[in-house]
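Asks: only geometry, no sequence info:
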């Protein structure tokens, strides 16, 4: 066993499969820092990460155990999974998914049962982090199983030890990055392009290292008696091309179908991003509500139940609104009273 090479492979495979998880961790740490959140603390986030990652390792080891009863070479075809995953992420760059329109806030404060210090709330916060880690770890399993299958000697033990060390560094990095927002913005800007390349590179590495294609070509040629020397290469080339084209077609179809089937926004709700509205800097929300209500009984004050929309920075911002019985709504903080009435009248008409 080449220890240095094993450490390098472990570090690179962990980094490639957990770059997206770094942003998930940053989100959790940001949530923990809001209003001194007691239900989600850095300790609980780290513990939840380790529990979720341990589940991923156990599943990967089960897959590796299944590989022991068959030749190691065919397992290398699982290296196509990271390649397909990277291809899918490239497709997402070309056909981006629509950003969901969120109308209700997060559930950071809903985990409290009775008090913030109940045992149920304590376990619920850890379970939430663990669940997100496992759900987000499908690419990890698809990468670790073929990687373990190609390992020799004690390389698997080296991989796992390095993984757990890297996970601790990941948690620390996420905590520090969360406090340096300019670094996070740069990483988010380029990660969408870099991650697909890294996944494809990792998949190619696994496939080449396993020698699955030369092994399959030899098996095909031997089964035909060696009459057609290039038959195995032709069959494998055609089969691989067909599989990739089929998968890419399905990915494109799913992406386009999701965009087409996405329900249009409620015609009664005003999308304030498309309005060149003047902010009311002098009037308070209460004064605006009073003027809105004075226009007629059809208006309902929803100020006690703020709606949320995903903002340009990706976060959720509260928007106290009033609503007409027709279903139209306006944001009190962004429109002057006259503009509120004007847009509601347009929506009703």
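Replies: Right, received. Where do you want to start? Worth saying up front: this structure is predicted, and the values here are computed from it rather than measured.
Asks: from here on, contacts and neighbour counts on C-alpha atoms
Replies: Fine.
Asks: Roughly how far does the nearest residue to residue 44 once chain neighbours are set aside sit from residue 55?
Replies: Nearest non-adjacent residue to residue 44, counting by C-alpha to C-alpha, 6 or more residues apart in numbering: residue 126, 5.5 Å away. Noted for residue 126: a distance of 14 Å to residue 55, by C-alpha to C-alpha, to the nearest Å.
Asks: Neighbours of the residue nearest to residue 44, how many?
Replies: Residue 126 has 22 neighbouring residues, counting by other C-alpha atoms under 10 Å.
Asks: confidence score at it?
Replies: Note for residue 126: predicted pLDDT of 85.
Asks: any idea which element residue 124 lies in?
Replies: helix 119-135 (DSSP states H and E).
Asks: Counting neighbours, which bits of that helix end up buried?
Replies: For helix 119-135, the buried set under the neighbour-count rule, 16 or more other C-alpha atoms under 10 Å, comprises 121-122, 124-134.
Asks: repeat for stretch 206-223
Replies: Going by 16+ other C-alpha under 10 Å, stretch 206-223 has these buried residues: 206-207, 210-213, 216-218, 220-221.
Asks: Then stretch 152-168?
Replies: 155-156, 159-160, 162-163, 166-167.
Asks: Can you add pLDDT, distance to residue 175 and secondary structure and give these back as JSON lines?
Replies: Formatted as JSON lines, these follow (pLDDT from 0 to 100; distance: C-alpha to C-alpha, whole Å; DSSP: H, G, I helix; E, B strand; the rest coil):
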{"residue": "155", "pLDDT": "86", "distance to residue 175": "30", "secondary structure": "helix"}
{"residue": "156", "pLDDT": "88", "distance to residue 175": "29", "secondary structure": "helix"}
{"residue": "159", "pLDDT": "91", "distance to residue 175": "24", "secondary structure": "helix"}
{"residue": "160", "pLDDT": "92", "distance to residue 175": "23", "secondary structure": "helix"}
{"residue": "162", "pLDDT": "93", "distance to residue 175": "20", "secondary structure": "helix"}
{"residue": "163", "pLDDT": "94", "distance to residue 175": "18", "secondary structure": "helix"}
{"residue": "166", "pLDDT": "94", "distance to residue 175": "14", "secondary structure": "helix"}
{"residue": "167", "pLDDT": "93", "distance to residue 175": "12", "secondary structure": "helix"}
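Asks: Looking at those, which is nearest residue 50?
Replies: Closest to residue 50 out of these is residue 167 (7.6 Å), distances taken as C-alpha to C-alpha.
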